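> Pasting the sequence and the predicted coordinates here, then a few questions.
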Amino acid sequence: MSIGLFSLSLSVKDIAISKEFYEKLGFFQIAGEQEQGWLVLTNGDVKLGLFQGMFDKNSLTFNPGWDENGAEMKEFEDVRDIQKRYKAAGIKLLTEADEATKGPASITLEDPDGNPILIDQHV
């Protein structure tokens, strides 16, 4: 099963300046609230998340429940099921989703080189 829409989440110093820069490169906003410090931009198949004051480092991000256009999917693998699969495979999670809940939740892990990976379900 797919772990969802992939994007690169960038930790930015000034979201307005970053948004303007990426718009000049041909990206446009598809989600987010600049006043809340986050935006999702797209250019073709490429998705970028801009986050001001939320992350220490850039991160690989996957969104279960979102298709390649950021639209909600009816069928997808829930982040809690992904979590169970990863734990069974011996993957160390830095943060876990509460398995007693439903709906939005997230897990975080790092690859062998310390690159952060966020699996963030919004539905």
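Sure, I can see it. These numbers come from a predicted model, not from an experiment. Numbers count the residues shown, from 1 in each chain.

> Just want the most central residue of the chain.
Thr61 (3.3 Å; CA atoms, centre = their mean).

> Now that residue, what are its backbone angles?
Dihedral pair for Thr61: phi -130, psi 140, per degrees, to the nearest 10.

> Could you list the buried residues of the helix or strand of the chain with the lowest mean pLDDT?
Sorted by mean pLDDT, DSSP states H and E, the helices and strands of the chain end with strand 28-33, the least confident at a mean of 94. Neighbour-count burial for strand 28-33, counted by 16 or more other CB atoms under 10 Å, picks out Ala31, Gly32. Just so you know, the C-beta spots here come from the backbone N, C-alpha and C atoms, and that holds for glycine as well.

> how far is it from where the chain is centred?
13 Å (CA atoms, centre = their mean, to the nearest Å).

> Remind me what that strand packs against, helices and strands.
strand 38-43, strand 46-52 (3 or more CB pairs under 8 Å, 6 or more residues apart in numbering; DSSP states H and E).

> Give me the sheet partners of that strand and which way each runs.
Sheet pairing of strand 28-33 (DSSP bridges) gives strand 38-43 (antiparallel).

> Please work out the angle formed by the directions of the strand it pairs with and strand 46-52.
160 degrees (axes from the mean of the first three to the mean of the last three CA atoms, to 10 degrees).
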